[in-house]
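Novice: The amino acid sequence is not available; the structure is as follows:
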Ligand code: AMP
């Protein structure tokens, strides 16, 4: 590969120490400076190669936008407010100025760097292990004030460039066009391993840092499953009508109800330790106390995939009722009685030392059916259908049972974490729906003129291509209370304010229903949804999980 002019020769004696925060920040800035994936990987590889093991582990996590390993549930709880207060202790800035800067730059790290550039810079000197010690301390500190004090002490010693990237790390986003997948790719190239081996070890270990060190020492293949960190969920592609099924894969079809709750992953070990993770990979165990004892009662070490949903008198509760159980820190005994939940499991990814996700769904299902599942941790029902018509005939009965529709799966398929393929498809309402992210908002009219009520939304260009392409605009579907709450959020997360219209941070995921998809020059995607309406806010989904242009094209019949 052509060497880039920006690449730094860490091994030459006059170069700075690669283990410093400055070296990390310079590498990050160089990576931000190129849009070419190969060049990013080369810059990263060049930097990683110069680091001792212990710092390599830290740097690999940082470039994956993590300050702790994934399996480590600690959080910094540092946000815009703490960084703003800390920087203001060193450089005076008015509220108006801060607001204007944050709108213009749209990034806290850039704002901190710009403000710190107003004072004479200290000499850079921090190392990455020192930065890690600060993160450990911040995670162990309770109050916001105490955190601000720790930040002030650090910012005093950082140059603007060091502060820019340390702040971005604390906010959880470097914004240099890297994802964990690209860090895995850089490691694979640097140490000469197939990418699949690096990703597999990372998935098993839940730590890109340890994975990096193993890649260096050639010990990826001896990595063993570590429970209690979330594994990315396998996802399904939408189909608009039952007759599309025949084009996806050949029978037999495993047909299950599409339960209307939230996706969840249940980890348990023989000692009785238990963790439930949500689709956004957050631990939610404490929210569902009624599942704990039945889950702990299962034999051995297990990792189950499934859906948590409201369940009463042998029947699923509508999502609206179940929703009361979400978004709360503590669940009152009254609510526990009113809206009881169950965990319906439909997949077994790991059991007692065996990594089942690398086996076919048919094999995984057999292993799942051998477990003594009962009470609040129950088995999903499946029907094995030999034709698309037979599968489609299950749709109405599923709706009658109060479910959202059907999930149809290929029994030959392996479990592919984080992938949305054609091996699992979902058939929902009679109408098609897409998951999209809001990119721009507009003030409403009449009664809604004080609300940012008109949403422009986008899909992703591709599964591995995060560019957002607008596909439509929706005006209705949310209640005034929801709109008012969203208006505040959008005001605080505006990237550019054009008066009537605001570009906003693409973080709010919606499920939109529509009649048909039509080709359209109006939107970047080349398509527009006809009569779109918002079905619901999907705060259980990340923007990285929304539908892609391919799904739009398929729904358009292209
Ligand atoms: P959606 O949230 O509409 O994208 O549909 C995919 C989601 O359906 C999954 O993430 C699960 O939360 C949910 N789901 C419900 N029932 C099943 C099932 N039987 N198999 C897989 N996913 C299911």
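Specialist: All right, it came through fine. As the structure is a computational prediction, the values presented were derived from the model and not from experiment.
Novice: CA only for contacts and neighbour counts going forward, please
Specialist: Noted.
Novice: Which secondary structure elements does the host helix or strand of residue 347 sit against?
Specialist: Per DSSP states H and E, residue 347 falls inside strand 341-351. When contacts are defined as 3 or more CA pairs under 8 Å, 6 or more residues apart in numbering; DSSP states H and E, strand 341-351 sits against strand 302-312, helix 361-369, strand 377-379.
Novice: Please repeat the previous calculation with a cut-off of 6 Å.
Specialist: strand 302-312, strand 377-379 (3 or more CA pairs under 6 Å, 6 or more residues apart in numbering; DSSP states H and E).
Novice: quick one, phi psi at residue 164?
Specialist: phi -60, psi -50 (degrees, to the nearest 10).
Novice: so which strand or helix has the residue in the stretch 1-150 of the chain positioned nearest to the ligand?
Specialist: Among the residues of the stretch 1-150 of the chain, residue 70 lies nearest to the ligand; the distance is 20.5 Å by CA to the nearest ligand atom. Under DSSP H and E, no helix or strand contains residue 70.
Novice: thought it was touching residue 205?
Specialist: No - in this structure, residue 70 is not within contact of residue 205 by CA atoms under 6 Å, at 8.7 Å.
Novice: quick one on the thing from earlier: any idea which helix or strand comes after the strand holding residue 347?
Specialist: Downstream of strand 341-351, the first helix or strand assigned by DSSP H and E is strand 354-355.
Novice: Would you quantify the distance from whatever residue of the stretch 401-550 of the chain ends up closest to the ligand to residue 232?
Specialist: Closest to the ligand within the stretch 401-550 of the chain is residue 407: 5.4 Å, counting by CA to the nearest ligand atom. Using CA to CA, to the nearest Å, we find residue 407 at a distance of 18 Å from residue 232.
Novice: the more surrounded of the two?
Specialist: Per other CA atoms under 10 Å, whichever of residue 407 and residue 232 has more neighbours is residue 407, with 23 against 16.
Novice: Identify the bridge partners of that one.
Specialist: Here residue 407 sits in beta bridges with residue 256, residue 426, as judged by DSSP bridges.
Novice: close enough to count as contact, it and residue 256?
Specialist: Yes - counting by CA under 6 Å, residue 407 touches residue 256, with 5.2 Å between them.
Novice: For burial, what's the neighbour tally of residue 432?
Specialist: With other CA under 10 Å as criterion, residue 432 counts 18.
Novice: who does it bridge with?
Specialist: residue 514.
Novice: Touching, it and residue 239? I think so.
Specialist: No - under the contact definition of CA under 6 Å, residue 432 does not touch residue 239, with a separation of 7.4 Å.
Novice: what about residue 19, distance to residue 479?
Specialist: Taking CA to CA, one finds residue 19 at 52 Å from residue 479.
Novice: and what of residue 528?
Specialist: In terms of CA to CA, residue 528 sits 24 Å off from residue 479.
Novice: So the two - more neighbours on which side?
Specialist: More neighbours surround residue 528 than the other of residue 528 and residue 479, with 23 against 9 (other CA under 10 Å).
Novice: Let me know the helix or strand that the more buried one is in.
Specialist: Applying DSSP H and E, one finds residue 528 within strand 527-529.
Novice: buried stuff in stretch 69-86?
Specialist: For stretch 69-86, burial by neighbour count (16 or more other CA atoms under 10 Å) applies to 69, 70, 76, 77, 78, 80, 82, 83, 84, 85, 86.
Novice: would you turn the residues you listed into CSV with pLDDT?
Specialist: As requested, these are exported to CSV (pLDDT from 0 to 100):
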residue, pLDDT
69, 97
70, 94
76, 96
77, 93
78, 95
80, 91
82, 95
83, 96
84, 95
85, 96
86, 98
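Novice: Any chance of a markdown table for the residues you listed, columns secondary structure?
Specialist: Listed next are the buried residues of stretch 69-86 as a markdown table, based on DSSP: H, G, I helix; E, B strand; the rest coil:
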| residue | secondary structure |
| --- | --- |
| 69 | coil |
| 70 | coil |
| 76 | coil |
| 77 | coil |
| 78 | coil |
| 80 | helix |
| 82 | helix |
| 83 | helix |
| 84 | helix |
| 85 | helix |
| 86 | helix |
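Novice: From those, pick the one nearest residue 300.
Specialist: Closest to residue 300 out of the buried residues of stretch 69-86 is residue 70 (23.1 Å), distances taken as CA to CA.
Novice: Buried residues, stretch 240-251. List them.
Specialist: 240, 241, 242, 244, 245, 248, 249, 251.
Novice: Does the last one touch residue 386 like I think?
Specialist: Pointing back at residue 251 there. Yes - the pair residue 251 / residue 386 is scored as a contact, 5.4 Å apart, by CA under 6 Å.
Novice: Measure how far stretch 366-378 is from the centre of its chain, please.
Specialist: Stretch 366-378 sits 28 Å away from the centroid of its parent chain (CA atoms, centre = their mean, to the nearest Å).
Novice: which helices and strands does the helix or strand where residue 162 lies pack with?
Specialist: Here residue 162 sits within helix 160-171, counting by DSSP H and E. On a contact count with 3+ CA pairs under 6 Å, 6+ apart, helix 160-171 meets helix 21-32, helix 108-116.
Novice: quick check: mean pLDDT across that helix?
Specialist: Helix 160-171 comes out with an average pLDDT of 98.
Novice: Over to stretch 487-503?
Specialist: 91.
Novice: tell me how far the ends of it are from each other?
Specialist: Span of stretch 487-503 from end to end, CA to CA: 13 Å.
Novice: May I see the buried residues of stretch 69-86 organised as TSV, with distance to residue 109 added?
Specialist: Below are the buried residues of stretch 69-86 laid out as TSV (distance: CA to CA, whole Å):
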residue	distance to residue 109
69	22
70	23
76	16
77	16
78	12
80	9
82	12
83	9
84	10
85	13
86	13
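Novice: of all the residues you listed, which comes closest to residue 493?
Specialist: Closest to residue 493, out of all of the buried residues of stretch 69-86 and judged by CA to CA, is residue 80, at 11.4 Å.
Novice: residues of stretch 134-150 that come out buried?
Specialist: 134, 135, 136, 138, 139, 147, 148, 150.
Novice: Would you point out the most distant pair within those?
Specialist: Largest pairwise distance in those, by CA to CA, is 14.6 Å, between 136 and 148.
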